[in-house]
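sequence plus predicted model, see below.
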Amino acid sequence: MAPERQISMLKKLKPDMLCSFVRRVDPKITDVSVLRWIAARQELDLGTALTLFFAFEPRRFNLLPRDALKDEVRAKCAVVDALCQRINCGFYVPIAARGMPNPSLVSVWLARQKADAEAGRRGRWAFVPGIVAPMVAEKKERPLVGRMKPRPGFIQGLFTPLYVSNRPEAST
């Protein structure tokens with residue numbers, strides 16, 4: 001299918017459906033113009049953007065010089081450049097319901113990034129740890145406290161005190 005047709009079909013998708021589609025995209029077989037269009041969408045959330053970032057398998061090219069790459073790889077690396085820059089500036093908002101399927105990828109990337117910095121190297125794509133922190137944060141279990149039964153509605157709450165006596169019944 002032509003890239004223009006793919007983009008026109010993607011434009012019709014709602015944000016949830018677009019994110020679901022993007023999480024399954026294979027950058028190796030997808031046209032670069034479609035990938036550029038996807039990376040520029042503000043409808044993407046942080047988890048989806050990071051999933052797409054890691055779908056490119058960026059580790060292979062992270063420490064290589066830009067001019068050491070073939071033109072077709074260089075074009076896809078430019079999309080990864082754009083993704084990384086947008087992730088670092090907060091372009092993609094984290095949405096709790098749309099986390100990453102494998103958040104350990106981010107943890108491993110940050111650990112390698114730190115090890116590279118200690119060795120005096122800097123990869124092409126470096127994340128700001130504070131920006132990607134929501135994707136690697138441990139999910140806290142919320143304790144079930146408080147009311148376990150449904151609360152009365154507004155009208156029921158207003159009129160119930162009028163008809164229900166709180167006085168103890170007198171013994172006869």
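Done, it's in.

name the element the residue most central in space within the chain belongs to?
Centroid-nearest residue in the chain, with Cα atoms, centre = their mean: Gly47, separated by 1.5 Å. Gly47 is located in helix 46-55, with elements delineated by DSSP states H and E.

just the CA coordinates of that helix, formatted as PDB?
Extracted C-alpha coordinates of helix 46-55, given in PDB (Å, rounded to 0.1, in the frame of the first residue of the first chain):
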ATOM      1  CA  LEU A  46       4.900   8.100  26.400                       C
ATOM      2  CA  GLY A  47       4.500   4.300  26.600                       C
ATOM      3  CA  THR A  48       3.600   4.000  23.000                       C
ATOM      4  CA  ALA A  49       6.500   6.300  21.900                       C
ATOM      5  CA  LEU A  50       9.000   4.300  23.900                       C
ATOM      6  CA  THR A  51       7.600   1.100  22.500                       C
ATOM      7  CA  LEU A  52       8.100   2.400  19.000                       C
ATOM      8  CA  PHE A  53      11.600   3.600  19.900                       C
ATOM      9  CA  PHE A  54      12.600   0.200  21.100                       C
ATOM     10  CA  ALA A  55      11.000  -1.500  18.000                       C
END
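
just checking, what packs against it?
Secondary-structure packing of helix 46-55 (3 or more Cβ pairs under 8 Å, 6 or more residues apart in numbering; DSSP states H and E): helix 15-22, helix 32-39, helix 71-88, helix 104-118, helix 129-136. Backbone N, C-alpha and C define where each C-beta goes, glycine included.

tell me the buried residues in it?
Neighbour counts over helix 46-55 (16 or more other Cβ atoms under 10 Å) mark 46-55 as buried.

widest-spaced pair of those?
Using Cβ to Cβ, the pair of the buried residues of helix 46-55 lying farthest apart is Leu46 and Ala55, separated by 14.8 Å.

helix, strand, or coil at the closest residue to Arg121 other than its chain neighbours?
Leaving out its chain neighbours, the residue that sits closest to Arg121 by Cβ to Cβ, 6 or more residues apart in numbering is Leu63, at 6.6 Å. Per DSSP: H, G, I helix; E, B strand; the rest coil, the local secondary structure of Leu63 is coil.
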